[in-house]
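Q: from the sequence below, what's the structure:
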Amino acid sequence: MDVAFLLDKYFKGAKKVSIDVFDAQTLNTVYKDVINSMTSHFEIEVSVLQALSYCLYEMMDNVHIHSGKPLGTAMTYYDNDQKTLSILIADDGMGVRASLSENEIYKNITEAEALKMCLEDKITDGKGLGFGLYTTSRLVDSIGKEFILHSGNHKLVRKDGTESVVENGYWQGTLIFMVIGTTLKMSLDELKRSTTFKGLNPLAERSVLVALQRRYKVISETL
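A: Model prediction:
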């Protein structure tokens, strides 16, 4: 995977971008490390962390469930000036349309249609539950600044309340990039909507709890 291209395209000028490569065996460890890194930024609201923890795991888990390739790449960057968190998850697998077309219902959809459909609830190739990207899109609707889903020759972009699908270069596999505002506190209703009323998965819940305990321990030791 061309990490240099990703840095230049999505993190241009950013310093200290966290880059992790993961597979099915290291996914949980890398996920916990990313959560710990995010939690170290005290400016990020706890409710935002809770919602992000769920979405991040789902996006990473999608790589080894749907891509057909063993490796994925996770990149994160916290902009202290803008108070935003940028997250990119990418693989070089089969892509969204090819994955969805494994389900007989979607075998004839176009690439552009596939990008739109995969953000809907319970749309799946049959290997997953079909709410990972849907949940992520709901989170972006609540506190997101920008959301990009790029697969094949098409890119879906959500920004400033609008959504568009355009032909824009080629990405082998699936790439998800989003910029999240970190200072807006999410209400309980928003948090529930952002996790599709299912709550956090057990690993996400434990990881956030441990990370927050570490955060508050640091705070108490400085008082």
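
Q: CA atoms for contacts and neighbours, from now on please.
A: Fine.

Q: touching, residue 118 and residue 135? I think so.
A: No - counting by Cα atoms under 8 Å, residue 118 does not reach residue 135; the two are 10.7 Å apart.

Q: of these two, which one has the most company?
A: The residue with more neighbours, out of residue 118 and residue 135, is residue 135; 25 against 22, by other Cα atoms under 10 Å.

Q: output the contacting helices and strands for the helix or strand hosting that one.
A: Per DSSP states H and E, residue 135 falls inside helix 132-143. When contacts are defined as 3 or more Cα pairs under 8 Å, 6 or more residues apart in numbering; DSSP states H and E, helix 132-143 packs onto helix 46-66, strand 144-159, strand 162-181, helix 188-194.

Q: in the chain, what helix or strand scores lowest on average pLDDT?
A: In the chain, no helix or strand scores lower on mean pLDDT, DSSP states H and E than helix 202-222, which sits at a mean of 50.

Q: can you redo the helices and strands packed on helix 132-143 as TSV with mean neighbour count?
A: Output for these, formatted as TSV (neighbours: other Cα atoms under 10 Å):
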stretch	mean neighbour count
helix 46-66	22
strand 144-159	21
strand 162-181	17
helix 188-194	17
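
Q: may I see those organised as JSON lines, with mean pLDDT added?
A: Shown next, in JSON lines, are those (pLDDT from 0 to 100):
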{"stretch": "helix 46-66", "mean pLDDT": "81"}
{"stretch": "strand 144-159", "mean pLDDT": "91"}
{"stretch": "strand 162-181", "mean pLDDT": "91"}
{"stretch": "helix 188-194", "mean pLDDT": "52"}
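
Q: so which of the ones you listed is nearest residue 99?
A: helix 46-66 (6.2 Å; Cα to Cα).

Q: now that closest one, how far from the centre of its chain.
A: Its chain's C-alpha centre and that of helix 46-66 lie 6 Å apart, by Cα atoms, centre = their mean, to the nearest Å.
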